[in-house]
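> got a sequence here, can you build the structure:
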Amino acid sequence: MTIRNAYSDIKSAGSMHRYLLICTGIIFFLTVFTVRIHSQDLPEYDEISIFLNAPRTGGVEIDAVIRDNILYLPITDLFNFLKIRNIPSAGLETIKGFFINPEAEYEISRDENRIKYQDKTYELNKGDLIRTETNLYLLSDYFRKIFGLNCIFNFRNLSVTLTSDLELPYIREMKQDEMRRNLSRLKGEIKADTNIGRTYPLFKLGMADWSAIATEEINGTSETRLNLSLGSMIAGGEMTASLYYNSNSSFTEKQQHYLWRFVNNDFKPLRQVIAGKIATKAVSTIYSPVIGVQLTNTPTTYRRSFGTYRLSDRTDPGWVVELYVNNVLVDYTTSDASGFYAFDIPLVYGNSIVNLKFYSPWGEERTREQNITIPFNFLPHKVFEYSVGAGIVEDTLASRFSRGSFNYGLTKNLTIGGGAEYLSSVSSGEFMPFVNASLRLTNNLLLSGDYMHGVRAKGTLTYRMPSNMQFDINYTWYDPDQTAINLNYREERKASVSIPLKIGKFSSYQRMSVYQIVSQFSKYTTAEWLFSGSVFGINTNLTTYGVFLEEIRPNIYSNLSLAFRLPAGFVLMPQAQYSYTSNEFLSAKIRLEKPLMKYAFLNLSYEQNFKTAMKLAEVGFRYDFSFAQTGVSVRQTDNKTSFVEYARGSLIADRKTRYFGTDNRTNVGRGGITIVPFLDINANRKKDPGEPKAFGLNLRINGGRVEKSEKDTTIRILGLEPYVDYFIELDPNSFENISWQLDKKSISVTVDPNILKTVEVPVMVSGEANGTVSLDKNGQINGQEGIIINFFTKSNKPAGRALSENDGFYSYFGLRTGEYYVMPDTSQLRKLGMESDPVSLSFKISERMDGDIVDNLNFRLTMKPGDTTVSKPELPKQVIKKDTTYMIIHEVTQELITIAEDSWAIQLGAFRKRSNAEAYKRTLQKLLGKDVEIVVEGDYYKVRILDLKTREEVDRNIELLQKNGVTELWVIRLKAKHQQLVLKERTDSIAKITETVVESEIPVFSFEMVLQAGAFRNEINAINLKNKLSGMLSKPVQIIFADGY
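Below you'll find the model as predicted:
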């Protein structure tokens, strides 16, 4: 008997005397001495397979070890799944690498029984490491203690749920992939199996946002602010209305907002019609809302990008800032300790509108959006765009306003434009014409300018160096007599240089700028030097300002902001302001934040102004319910105490699916999608009465928030930007029932504003048909392998193809409900000289929820009798027998990250249907006894033979395949590499045609017989063989196209 231990064997001796002697010595040794046992010499353990689940990203099945009901996880398998760098030694004595960042190196040593990570050493207990023949396993709790990977083991279903507060490499790659897909969509480079466009309902109510803020001061004033926003679709357009109430002011129409917008991006002459309180984009100063109408042919999305523009600004410290270009998320970042952030905005053709959305470290979402118009307006060559609008200003004069702008892409690098603006309240001139132009001198040098008659002239120059250092120059001149812009400036001058710097582990962003305002009697100049980066692991921002006025002493001061992450989730943010002019501190502030539980957050702050002696302290608490965000804060300012309470949320309604829900985020102005999977039993791709919903569908989408309803299988995707095409990937393997299959695996949906758009996903119920193929040869009946079986619909359309196995059995899965007939391939039978009885069989796949199975579709083959009739037999003579086996071999070399050593593979066949590839795979496995896999590339399923160690082994398999009728294949050399797949070289070679002189009798045949020499899918290969045979034979050689060959 053999006892399996961690790494030891005990073998019996050859004789009983020797066996007793050894046993006596072992017993004596164990009695007298104490033996130290290392962690790798452990008693019994159990190796099992578990499912490693990572929330929101999927999972994978890996090996694990159970010892005394304690879980051990394989280090290399886990780190490979998380894409964490790891290099195991040959005997798995050590595993080295880095965790997320290259400077965070680690080493796991089995010999020394310890782990080194970031200059710290963790001594392991006896039994914390287990070495098997193929893996090194670590006690799962150490992944949490050392690397922050929480592994929760469920013994009942043998699964591990992995969570982490860190941004792991595989999560970062997913976000980068999403941003790349979004950028591709911004350029119009996305394709899907099904496209669902806009809808234009007459009336549909869908979204509502609400908020309430109450402020009360002890022995002082109080204030209540209420806001209700409604979103719907009316007459096919987007309708939003916002009602605002303030207890300290009267309810007036001027404070309310309403807007209707009709969008049709497919109608080029007029894509948008806007009515209500419009955004004017006026140069003139307008403080009141404008009620009017706008018309434009500018689309809401754009086709391609051509460069970047640097944008930087400030918000609260530690907030996540999302960048949207034309309603598409393209990047995100986190503000530093002072609230500074910067983006490189992709410039797209047309007028790019940039939206910035802000989220606090604890999940709070800012409702305000910052709209920024990029000062470069490029259009594709020969493209014309316009925007015209007019309305009444809600001021005391009821001023009349109108504006029209027109732009044309003169060349791909030059866009010119012009127009006019009219405002009746401008005393210096109501009518104001303007011209503008944008010029791309080089890829990194952009110039933009505009001139409005009697008002101003403005120019912008931007240059970016290959090192990403950027220079910006802006100049604005104002007409001295203009009154359109409410400023008394004569000139504005601004210059800035931005320098991103990274040296080793140190990275920073610096910006130096000078801004000068020239008025009639004075000059006002400000200078700024901003430094933002990580210093010794501390988020640091140092900004120095200088204010210079004529005949006044310059005022120079600095703001220093830091952010520390402390144990137990605390975040400490001290700030200080120091004046170099007066050599004193002006103010100091400290803020402490702490998440109390999953949805509760606490913050404390204290601030003191040393010049005014003002002191301010504040305590705030926030809790996020599923239906609303709520919060309360107490503020003490000197001797005054005030309280602030707030709550905000949203309501979502969908009459079609009878849904009414709540959310703690804003939804008005956005849209949503309701996915309704159903069993399409009759295969008409429409939901008919009585067809049930399908449980278990999983999907992925490049945006929004996915919510699943276990009650009715409905999947809702909320928080989507309107008029944007979202790409939805459906998981075909998510159903428990194997007969449930998806006909379309990807959907592109154009989101409608303010409503939930219903998308019904048909889940096809697939059936199976099987039978046998037997050969009757001289009364002996045996199963016949390698026979092609074709399936056709009742209307003679191909429905599938199968290949009989070595015992004659064949099977095809994937038939929809309906009537079919099946028959052996007539072209193949003709080549083999066989005939089938019966010629074909009809059958029906019935409507069943679990799929139908049709059995006993059996065919019997017999050999056709040969034609042996001749007029005169001839004497035998010497002939030349030619081996015309014609094989095309493609040589390909690939470098892969997924293998450890070089190897070879043979690829045969590319199928559009997976069932055909599966059938071919089984045939090759039985023929060669090798590992065969299916690789999906594009729309094809490709069959590959793996585990070929040498070229000699490849050639042996090629010879065997050639004998079995294979005429074309790909030989792939797989080279180990630690980078992505790279196609290195490709050459084609054609096996030679051999000739052998033999002695044989002339066969007796009909003079009308036709010989077929080969069958090719590639026309070029057929032509090559035709030319070769024409030179060798005196007979005519023709190419005939039949059955796809």
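> strands of the stretch 401-550 of the chain, start to end?
Along the stretch 401-550 of the chain, counting by DSSP state E, counting those that start in this stretch, strands occupy 414-423, 431-442, 445-452, 456-464, 470-478, 489-503, 506-519, 523-535, 538-549.
> residues in contact with the shortest one?
For strand 445-452, the surrounding residues in contact (C-beta atoms under 8 Å, 6 or more residues apart in numbering) are 283, 307, 309, 375-377, 421, 432-441, 457-463, 484. Bear in mind the C-beta positions are built from the backbone N, C-alpha and C, glycine included.
> one more pass at 7 Å, please.
283, 375-376, 432, 434-441, 457-463 (C-beta atoms under 7 Å, 6 or more residues apart in numbering).
> now the angle between strand 414-423 and it, please.
Angle of strand 445-452 versus strand 414-423, following axes from the mean of the first three to the mean of the last three C-alpha atoms, to 10 degrees, is 30 degrees.
> kindly format the C-alpha coordinates of strand 445-452 as PDB.
Provided in PDB are the C-alpha atoms of strand 445-452 (Å, rounded to 0.1, in the frame of the first residue of the first chain):
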ATOM      1  CA  LEU A 445       0.600  72.800 -33.800                       C
ATOM      2  CA  LEU A 446      -3.000  74.200 -33.900                       C
ATOM      3  CA  LEU A 447      -4.100  77.800 -34.600                       C
ATOM      4  CA  SER A 448      -7.600  79.200 -34.100                       C
ATOM      5  CA  GLY A 449      -9.000  82.800 -34.500                       C
ATOM      6  CA  ASP A 450     -12.200  84.700 -34.700                       C
ATOM      7  CA  TYR A 451     -13.200  88.300 -35.200                       C
ATOM      8  CA  MET A 452     -16.600  89.900 -34.400                       C
END
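> so what secondary structure elements neighbour the host helix or strand of Leu78?
Assigned by DSSP states H and E, Leu78 belongs to helix 75-81. Where contact means 3 or more C-beta pairs under 7 Å, 6 or more residues apart in numbering; DSSP states H and E, helix 75-81 is packed against strand 58-67.
> return the set of buried residues in the strand it packs on.
Using 16 or more other C-beta atoms under 10 Å as the test for burial, strand 58-67 gives 59, 62-67.
> min pLDDT across those residues, which one?
Ranked by pLDDT, the buried residues of strand 58-67 bottom out at Gly59, which scores 74.
> surely that residue meets Asn53?
Yes. Contact between Gly59 and Asn53 holds when scored by C-beta atoms under 7 Å: they sit 4.0 Å apart.
> which strands and helices lie in contact with the host helix or strand of Ile152?
Using DSSP H and E, Ile152 sits within strand 150-154. In this structure, strand 150-154 makes packing contacts with helix 140-147, strand 159-163, judged by 3+ C-beta pairs under 7 Å, 6+ apart.
> can you give the strand pairings for that strand, parallel or anti for each?
The pairing partners recorded for strand 150-154 under DSSP bridges are strand 159-163 (antiparallel).
> buried residues in the strand it pairs with, which are they?
Buried, per 16+ other C-beta under 10 Å, within strand 159-163: 160, 162.
> just the CA trace of that strand, in PDB.
Provided in PDB are the C-alpha atoms of strand 159-163 (Å, rounded to 0.1, in the frame of the first residue of the first chain):
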ATOM      1  CA  SER A 159     -16.200  28.400  -4.900                       C
ATOM      2  CA  VAL A 160     -14.000  31.300  -3.900                       C
ATOM      3  CA  THR A 161     -15.200  34.900  -4.200                       C
ATOM      4  CA  LEU A 162     -12.200  37.300  -4.600                       C
ATOM      5  CA  THR A 163     -12.600  41.000  -3.800                       C
END
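> that one versus helix 140-147: what angle between them?
Relative orientation of strand 159-163 versus helix 140-147 (the same axes, to 10 degrees): 10 degrees.
> angle of strand 159-163 against strand 58-67?
Using the same axes, to 10 degrees: strand 159-163 against strand 58-67 is 120 degrees.
> quick one: contacts of strand 159-163?
Against strand 159-163 from outside (C-beta under 7 Å, 6+ apart): 50-55, 149-153.
> from these, which is closest to Tyr599?
Nearest to Tyr599, judged by C-beta to C-beta, of the contacts of strand 159-163 is Pro55 at 17.0 Å.
> buried residues, stretch 573-580. List them.
Neighbour-count burial for stretch 573-580 [16+ other C-beta under 10 Å]: 573, 575, 577-579.
> right, I'll leave it there.
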